[in-house]
Every structure is written in structure tokens, then in C-alpha cells.
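# the following comprises the amino acid sequence and a computationally predicted model.
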Amino acid sequence: MTVAQPDAAPAVGRIEITHLHYAYPDGTEALRGVELTVEPGEKVALVGPNGAGKSTLLLHLNGILGGGHGSVTIDGTTVEPATAKRIRAAVGLVFQDPDDQLFSPTVREDVAFGPIHMGVPEADIHHRVERALSAVGMSGYERRVPHHLSLGQRKRVSVATVLSMDPSLLVFDEPTAGLDPRGRRELMAVMASRPETLLVSTHDLAMVAETLPRTVIIDEGVVVADGPSAELLEDGPLLEAHGLERPFR
């Protein structure tokens, strides 16, 4: 697979989360005072056991979840209902299941959906679609039916659907889950090629070791460790204490 290199790195892509608390309607406290800053261009893994609050945190980044206490800012803009349109253009959220993201009759229509609803001029949409598909190694698939593609191909198309909106940061929820080795390598190549800020929630610590220089460990809704991946992934007692295992290499 050949992945096209992006034309230029974006100048923005900063995340700042301050004292973020969130409880679900049944009273379950998912986030308990999360503090996290990610600088433009950083590649960061978010790891922890099931139920640690990872997915809940990701959904706060573009306003899908709200109503908690604390603040989330993207590129200096506070995430709130009044800024939702701007935030959702800036934050490219890629779900674990691509079928949650692909719903149109053709790949082209899925990738064009975001720019159309952002009001991008028709003359620019074709270029955005071509550029986004090239970036994920899916050029030539414009007329294909998304649900006839392999899981790995669908995941890459789902990445293209957010790249077409020119986000300043990319947020992935379990990107390599369910992929065979080839699909995993292809998606990792896409991630490694991107200049945008990356925040990746994952259990795939081998992928973290290869692709993401910084790791944040979250457990029971609290950030418990934050540092270089090379150091944290060698700390067996730390990983074991939070339901994780050192990756095999």
C-alpha cells in the first residue's frame, strides 16, 4: 500500500482538558477530574482497562457528550453547544466500528458528506475527496460500496471521511481492533504518515510502542501516569496495577 504524504503540517491541534468530571445518568462516575494537555503535532496513546473512561473522554473532545464539570478546549476554543460546528470540523473522530461512520451508497459520497455539510464549495469537494482517499491508500475506490470492502479498507475510508474536513487533530478509538496483520500494518502506516495531532485510545500496546511516542494511562476516570511510551511500557508493575501488560516485541 502506498500512502500519500500530506502537503503541509497544520499550525494548530492543541487539546487542553481541565478538571473534567462526568457522570452518566445512572450515576456512574466515568471521569473524575481529568487533567490533560496535548500540544500541536503530538502523537499520544490513551490506554487503560475496560471501563477506565477512555471512550467517555474521547466523546467530550467534540461535544458528543456534555453536561459534566470542568472544561475542554480545542485550538483555544471551549467545547460547548455554541461552538459545536467549529469543534467538530477541527476534531476528526474515528470510531472503533467503521460501520458507525459509513452509511452512504458509495465511498465517494461518504467522504464528501462532511465537506458538503460544512458548506465547502462544490468545486473544492472533488479535490478534498481525492486527497483524503489518496492519504489513506484508497484512491480508485470512489464508486465502491463501503460495506463490500474489507474491515481494514472500511477503517481507512472512515479515516478519509474525517480527513476530508481538514481537521487539526485526529482522535481514534481502538483503531486496530479486529484487523488482521496486513490491515493493522496498513492502518498504522496511515497514522504514522499524518502531521496532525493524534490521540489514540487503544489496548494495542505493541502499536503504541511502534507509533505513539507519548502514553497516558487512565484508570477509574483519573490520569494515573503520563510520559514517554518507551518508559511507561517497560514498567511492568505500573502496567499490571492498571490492567495492562507489557507488549511483546
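Thanks, I have it.
# checking Leu20 next. Helix, strand or coil?
Under DSSP: H, G, I helix; E, B strand; the rest coil, the three-state class of Leu20 is strand.
# neighbours of it, how many?
Look at Leu20: counted by other Cβ atoms under 10 Å, it has 21 neighbours. In this view, the C-beta of every residue, glycine as well, is placed from N, C-alpha and C.
# spatially nearest residue to it, not counting backbone neighbours?
Distances taken as Cβ to Cβ, 6 or more residues apart in numbering place Gly70 nearest to Leu20, at 3.7 Å, with adjacent residues excluded.
# give the contact list for that neighbour.
17-21, 33-34 (Cβ atoms under 8 Å, 6 or more residues apart in numbering).
# ok, now with 7 Å
Contact partners of Gly70, counting by Cβ atoms under 7 Å, 6 or more residues apart in numbering, are 18-21.
# phi and psi next, for it.
phi 100, psi -170 (degrees, to the nearest 10).
# what does Val94 give?
Taking degrees, to the nearest 10 as the convention, Val94 sits at phi -110, psi 110.
# measure it to Gly27 for me?
Distance of Val94 to Gly27, computed by Cβ to Cβ, to the nearest Å: 30 Å.
# neighbour count: the two, which is higher?
For Val94 versus Gly27, the count of surrounding residues by other Cβ under 10 Å is larger for Val94: 25 against 6.
# my read is that the more buried one contacts Leu163, right?
No. Using Cβ atoms under 7 Å, Val94 makes no contact with Leu163, being 9.6 Å away.
# and Pro115, helix, strand or coil?
helix.
# which residues touch it?
125, 128, 164-165.
# which among the residues you listed gets closest to Glu42?
Of all those, Glu42 sits closest to Met165, with 20.4 Å by Cβ to Cβ.
# which stretch of helix or strand covers that closest one?
For Met165, there is no enclosing helix or strand under DSSP states H and E.
# which residues in this structure form helices?
54-60, 84-90, 107-118, 122-135, 151-163, 181-193, 205-211, 229-232, 236-241 (DSSP state H).
# show the pLDDT at the residue positioned nearest the centre of the chain.
Nearest to the geometric centre of the chain sits Val171, at 1.7 Å (Cα atoms, centre = their mean). As summarised for this prediction, Val171 has a pLDDT of 96.
# and for Val91?
On the pLDDT scale, Val91 gets 94.
# name the nearest residue to it, sequence neighbours excluded.
With Cβ to Cβ, 6+ apart, the residue lying closest to Val91 is Asn62, at 4.0 Å.
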